[in-house]
Structures are given as structure tokens and as C-alpha cells.
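Chemist: 3D, please:
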Amino acid sequence: MGNGFASYLWSNGSSTQVINVSTAGNYVVTVTDNNGCSANKSTAITVYPNPSPAITGITGICQGSTTTLTVPGTYASYQWNTGATTKYSGWYCRQLCSNGNNCFWMYGTNSTNTIINALPNPVITE
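Modeler: Numbering: from 1, shown residues only. The predicted model follows:
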């Protein structure tokens, strides 16, 4: 559009130069200049759904071990809290916790939370 129009009328009833839309559909604006001349223009807006990634991998590991987490599917970009930007996490640990009863777990997060249970190392006596 350009500056200098005397009025704006959008298909949603708005009469401002700028509108914010969040719904898919066709939007039409009719502009009128200071001479009373009018013209209209339309555009189609598509709203894409947000991705809902999953995280897969071995979630029970021995203490001191590592695991690789994977995001199945194909997305335009990946960002793990470790700084990795591939679909594979590499070594992935946000926080190692213990409840004091030889139960350890690591928290890993993406857009959803994943709990990785780290199993304690067994002690073998003869």
C-alpha cells in the first residue's frame, strides 16, 4: 500500500492502515485517496500448525553412561539445550539428580520434557 490514502476499509471491518491477523482466510483492503479514487487488493493468509516433535532414544542408562536422543521426522531446524543443532542430541544431560536411594535420573528438555532414568551401577561381591 503506500502512504497518503485518506481511508482504509478491510474485509474484517477494520479501518486502519495496519491489521493483525491470526486466522487463515482471504483478506481484502479497499483504499481511497484524497481525490476520492478507490482501489482494492486481496491476499490469502495460511496459518501453519505448530510442530509437535517427539524425542526417542534409550531412556534408562547406567550411571556414567551416555545416550543419544533423536527427534524423529524432519524439521527445518533443531536446537538442543547442549547447543547441538542436529536431529541427534549427542551426549545430552541437563541435570543429574538423586533421591538418596541409589536412584539417579537426568532431565532433558525440548519443547516437551523427557526424563531419562539412569540406573545405578551394580556392585558384585565374591
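Chemist: for the rest of this, base every contact and every neighbour count on C-alpha atoms.
Modeler: Will do.
Chemist: first-to-last residue distance for stretch 27-42?
Modeler: Taking CA to CA, to the nearest Å, stretch 27-42 runs 5 Å from one end to the other.
Chemist: oh sorry, the question was meant for stretch 61-73
Modeler: Where stretch 61-73 begins and where it ends lie 24 Å apart, using CA to CA.
Chemist: same question for stretch 69-81.
Modeler: Termini of stretch 69-81 sit 12 Å apart (CA to CA).
Chemist: how does this protein divide into domains?
Modeler: Listed by automatic domain parsing, the domain ranges of the chain are 7-45, 60-119.
Chemist: mean pLDDT lowest for which of these?
Modeler: Across the domains of the chain, domain 60-119 has the smallest mean pLDDT, namely a mean of 61.
Chemist: run through the strands of the chain in chain order.
Modeler: 7-10, 25-32, 38-45, 60-62, 68-70, 88-91, 95-98, 104-109, 113-119 (DSSP state E).
Chemist: please name the nearest non-neighbouring residue to residue 29.
Modeler: Distances taken as CA to CA, 6 or more residues apart in numbering place residue 10 nearest to residue 29, at 4.3 Å, with adjacent residues excluded.
Chemist: contacting residues around that neighbour?
Modeler: Counting by CA atoms under 8 Å, 6 or more residues apart in numbering, residue 10 makes contact with 27-30.
Chemist: pull out the buried members of these.
Modeler: residue 29 (16 or more other CA atoms under 10 Å).
Chemist: what's the most distant pair in the contacts of residue 10?
Modeler: 27 and 30 (10.2 Å; CA to CA).
Chemist: what residues of stretch 52-64 count as buried?
Modeler: Result for stretch 52-64 [16+ other CA under 10 Å]: buried residues 55, 59-61, 63.
Chemist: reformat these as JSON lines; add distance to residue 21.
Modeler: Shown next, in JSON lines, are the buried residues of stretch 52-64 (distance: CA to CA, whole Å):
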{"residue": "55", "distance to residue 21": "32"}
{"residue": "59", "distance to residue 21": "42"}
{"residue": "60", "distance to residue 21": "45"}
{"residue": "61", "distance to residue 21": "47"}
{"residue": "63", "distance to residue 21": "51"}
